[in-house]
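Take a look and give me a structure for this.
(one chain, ligands or ions: 2)
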Amino acid sequence: MVVVVSAMGKTTNAMEKLTEAFVQQNPVQMKTSFEAIFDYHNQIVRKLFEKDDPFMSKFDQLLKTLWERVQLNPGLNYDFEYDQIVSFGEIISTHIVSAYANSIGIANQWLDVRHLIKTDESYRDANVNWDLSSQFVHDNIDFKQQQVYITQGFIGSTINNITTTLGREGSDYSGAVLAHVLNADSLSIWKDVPGVLNADPRWYPFAQKLKEISYSEAVELAYYGAQVIHPKTLKPLQNKNIPLFVKSFLDEELEGTVIRTEESGELDVPVYILKQDQLFITISPKDFSFILEDNLSDIFAIFSRNRIKINLMQNSALNFTVCVNNVRDISKLISDLQKDFVVKYNEQVELLTIRNYTDASIQEMIQGKEVVDSQLSRKTARFVVKESAWLFH
Ligand SMILES: Nc1ncnc2c1ncn2[C@@H]1O[C@H](COP(=O)(O)OP(=O)(O)O)[C@@H](O)[C@H]1O
Ligand SMILES: N[C@@H](CC(=O)OP(=O)(O)O)C(=O)O
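Ligands and ions are numbered 1, 2, ... in the order given. Sure, this is the predicted structure:
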């Protein structure tokens, strides 16, 4: 068994704050962010280990290395600095879990996944080099020697051993990469929900569990933004027909959801996916000309260069409209677009997708909402709506 562990709790967000402070060279914020990370982990390890346990000095050493890393001068490549710092979340969590498991009799070996998963240099969104990764995984994992390995999700490294990350929530994907190259019998992802539900329960109080779904349906749900599964996770599993179990660590006995072959049947309820904090952008040529293939190709090139993913797109004679995540780098995208196009945008909108929709489900969702844009296909209804409270009865 290979156990892939993510960072603990909200550590990745805390690491992002530390990175921000580091890049901006804000010493006060840096100290506050670091202390928050230290205190949070320290509280956990003090519950798991005695004061004189050798792991305690290992833990101090790990945190010291993080602090020393942020004493360096930041380079100009934000994404590179991000990966070097944020990856500590998984390094720390795996050391804690591995040492604790060993201490309670679950013999395991800690592995640095950066020796296994090799990627290109696309910091913050690195692409896996499958051939090299497969070779290194087989060189480092031998179930005849060791039955349980504990390693990091979310991170990898380049051929020069520089740390990279695979995109937020990327631990699911790491699990799938390892399952694929090891020809695993199955992959289980342990979450704080009973399985894949037909909506995020934090937002929709009537969410119900889906028992079984096919890979392609799960890909669709992940693509539209169902946060429970990282969109890239399914392909490596589907390619080798490895079933994915989504289970709850709050109650291991619960059956969870299984995602497998196409015979798994169709969805029998509508699935609601909400993407919050969106930006709705309208792009038009400056000279009142039509939106044609040439403009579209220029527009896509700008999005691709800025590495901004389009969540929804639509075009008319004079306008091309998109909905994107309102992320840190968006102002750069807007100014690039403005060089050649007239750009208008609407902040504070949300993108709601209803997969397997019915008239009643659309009614329930959009009643009382201001709809900015909509798109309907045979199986999927999508609405860009103005941000306002969601009230369900
Ligand atoms: N369709 C869905 N089914 C289940 N959970 C969902 C769904 N959409 C969003 N979520 C949210 O995903 C969370 C679990 O995914 P994630 O945050 O990646 O877990 P973890 O951080 O434990 O890996 C749940 O707490 C839930 O709020
Ligand atoms: N720690 C990373 C990777 C990850 O998968 O996280 P989580 O398992 O908490 O979704 C992140 O927060 O993005």
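
Give me the three-state assignment for the nearest residue to Leu244 once chain neighbours are set aside.
Ranked by CB to CB, 6 or more residues apart in numbering and with sequence neighbours excluded, the top spatial neighbour of Leu244 is Ile259, at 4.3 Å. Every C-beta, even on glycine, is put in place using the N, C-alpha and C of the backbone. Under the three-state scheme (DSSP: H, G, I helix; E, B strand; the rest coil), Ile259 adopts strand.

Tell me who's in contact with Ile259.
By CB atoms under 8 Å, 6 or more residues apart in numbering, Ile259 lies in contact with 196, 212-215, 218, 229, 234, 237, 243-246.

what's the neighbour count on Leu66?
Counted with other CB atoms under 10 Å, residues neighbouring Leu66 total 19.

err, Phe320, not the other one
By other CB under 10 Å, neighbour count at Phe320 equals 19.

The stretch 1-150 of the chain against ligand 2: which residues are in contact?
Within reach of ligand 2 by CB under 6 Å from any ligand atom, the stretch 1-150 of the chain has these residues: Ser6, Ala7, Thr12, Gly89.

Okay, and which of the residues you listed map to helices?
Mapping these onto helices (DSSP state H) picks out Thr12, Gly89.

Relative to ligand 1, which of the residues of the stretch 1-150 of the chain next to ligand 2 is nearest.
Ser6 (5.7 Å; CB to the nearest ligand atom).

quick one: low-confidence ranges for the stretch 251-393 of the chain?
Scanning the stretch 251-393 of the chain with the threshold set as pLDDT under 70 gives 264-265, 393.

mind listing the helices for it?
293-305, 330-338, 359-366 (DSSP state H, counting those that start in this stretch).

closest one to ligand 2 among those helices?
Of all the helices of the stretch 251-393 of the chain, helix 330-338 comes closest under CB to the nearest ligand atom, at 19.4 Å.

list the buried ones in that closest one?
By neighbour count on 16 or more other CB atoms under 10 Å, the buried set for helix 330-338 is Ile330, Leu333, Ile334, Asp336, Leu337.

what's the closest of the helices of the stretch 251-393 of the chain to ligand 1?
helix 359-366 (14.6 Å).

Generate TSV for the helices of the stretch 251-393 of the chain, with distance to ligand 2 as supplementary columns.
Below are these laid out as TSV (distance: least, CB to the nearest ligand atom, whole Å):
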stretch	distance to ligand 2
helix 293-305	22
helix 330-338	19
helix 359-366	26
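
so which of those helices comes closest to Ser93?
For Ser93, the closest of the helices of the stretch 251-393 of the chain is helix 330-338, at 30.5 Å, according to CB to CB.

Show me what that closest one is packed against.
Under the contact criterion of 3 or more CB pairs under 8 Å, 6 or more residues apart in numbering; DSSP states H and E, helix 330-338 touches strand 271-285, helix 293-305, strand 341-355.

Can you tell me what sits against that helix?
Leu279, Ile281, Ile283, Ile299, Ile302, Phe303, Arg305, Asn306, Ile308, Val324, Val343, Tyr345.

which of the residues you listed are buried?
Neighbour counting with 16+ other CB under 10 Å marks Leu279, Ile281, Ile283, Ile299, Ile302, Phe303, Asn306, Ile308, Val324, Val343, Tyr345 as buried within the contacts of helix 330-338.

can you put these in CSV and add distance to ligand 1?
Formatted as CSV, the buried ones among the contacts of helix 330-338 follow (distance: CB to the nearest ligand atom, whole Å):
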residue, distance to ligand 1
Leu279, 21
Ile281, 25
Ile283, 30
Ile299, 30
Ile302, 30
Phe303, 25
Asn306, 25
Ile308, 22
Val324, 19
Val343, 31
Tyr345, 26
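
if you skip the residues just before and after it, what's nearest to the residue of the stretch 51-200 of the chain found nearest ligand 2?
Nearest residue of the stretch 51-200 of the chain to ligand 2 (CB to the nearest ligand atom) works out as Ser171 at 3.1 Å. In this structure, Ser171 finds its nearest non-sequential neighbour in Gly153, 2.5 Å apart by CB to CB, 6+ apart.

now do Ile229
What sits nearest to Ile229 in space, not counting adjacent residues and going by CB to CB, 6+ apart, is Ala222, at 4.6 Å.

Pull the contacting residues for the one you found.
Ile229, His230, Pro231, Thr233, Leu234.
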